[in-house]
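A.B. asks: For reference, the sequence and a predicted model appear below.
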Amino acid sequence: MTDARIHLLLDRADISQVLHSYATAIDTRDWDLLATCFTEDLEADFRDFGGREVVKGRDVWLEIIKGTIQGLDATHHLTANHVHQINGDTATLTAYLQALHRLDTARSDPEYTVGGYYTCEMVRTDRDAVNGGWRMRRYALNVTWHRGNRDILRQAQRRLKN
């Protein structure tokens, strides 16, 4: 195997690991780990999930994520079918997603599940950093299906305020 192929395999593993860290961080509420997944100038496009605009800035986005899921009892994010397009120190990762959200005290169905895919534009920031230095610079959630009680997201936010 050539050095170029070995580097490509390592990049693919590191790029996928960013999304694995992202899912782990959200589900364990590890905000420090979540911050390592993004560049400071992150752009997050969740308009397909109900966001009103593309959010700019890692710190702003982290607060939005916290406000959305912190009041839930559990979340479970699974990603699969990772497709990598790597061009030097930039890359695009497309990955299927299923994200389960649960609120045990919900007024009706306690679960809401979203299916779709992420499109993540990545950049290598420092080869010696965690995940080979790869971080998301821009990412979007494309929702293709959902089931359950979406209102639990609002109920969880109200739960935090009380």
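C.D. replies: Here it is on my side, so go on.
A.B. asks: Val55 versus the nearest residue to Val54 once chain neighbours are set aside, what's the distance?
C.D. replies: In this structure, Val54 finds its nearest non-sequential neighbour in Asp45, 4.7 Å apart by C-beta to C-beta, 6 or more residues apart in numbering. Just so you know, the C-beta spots here come from the backbone N, C-alpha and C atoms, and that holds for glycine as well. For Asp45, the distance to Val55 equals 8 Å [C-beta to C-beta, to the nearest Å].
A.B. asks: List the contacts of the residue most central in space within the chain.
C.D. replies: The chain has Tyr22 as the residue nearest its centroid, 5.1 Å off, counting by C-alpha atoms, centre = their mean. Residues in contact with Tyr22 (C-beta atoms under 8 Å, 6 or more residues apart in numbering) are 34, 37, 77, 136.
A.B. asks: Let me know the next secondary structure element after the helix or strand that contains Ser16.
C.D. replies: Counting by DSSP states H and E, the secondary-structure element that holds Ser16 is helix 3-28. Using DSSP H and E, the helix or strand that follows helix 3-28 in sequence is helix 31-35.
A.B. asks: quick one: buried residues of that following helix?
C.D. replies: For helix 31-35, the neighbour count (16 or more other C-beta atoms under 10 Å) marks 34-35 as buried.
A.B. asks: Give me the contact list for it.
C.D. replies: By C-beta under 8 Å, 6+ apart, the list of residues contacting helix 31-35 from outside reads 21-22, 24-26, 58, 62, 65-66.
A.B. asks: Filter the contacts of Tyr22 down to the ones in strands?
C.D. replies: Within the contacts of Tyr22, residues falling in strands by DSSP state E are 77, 136.
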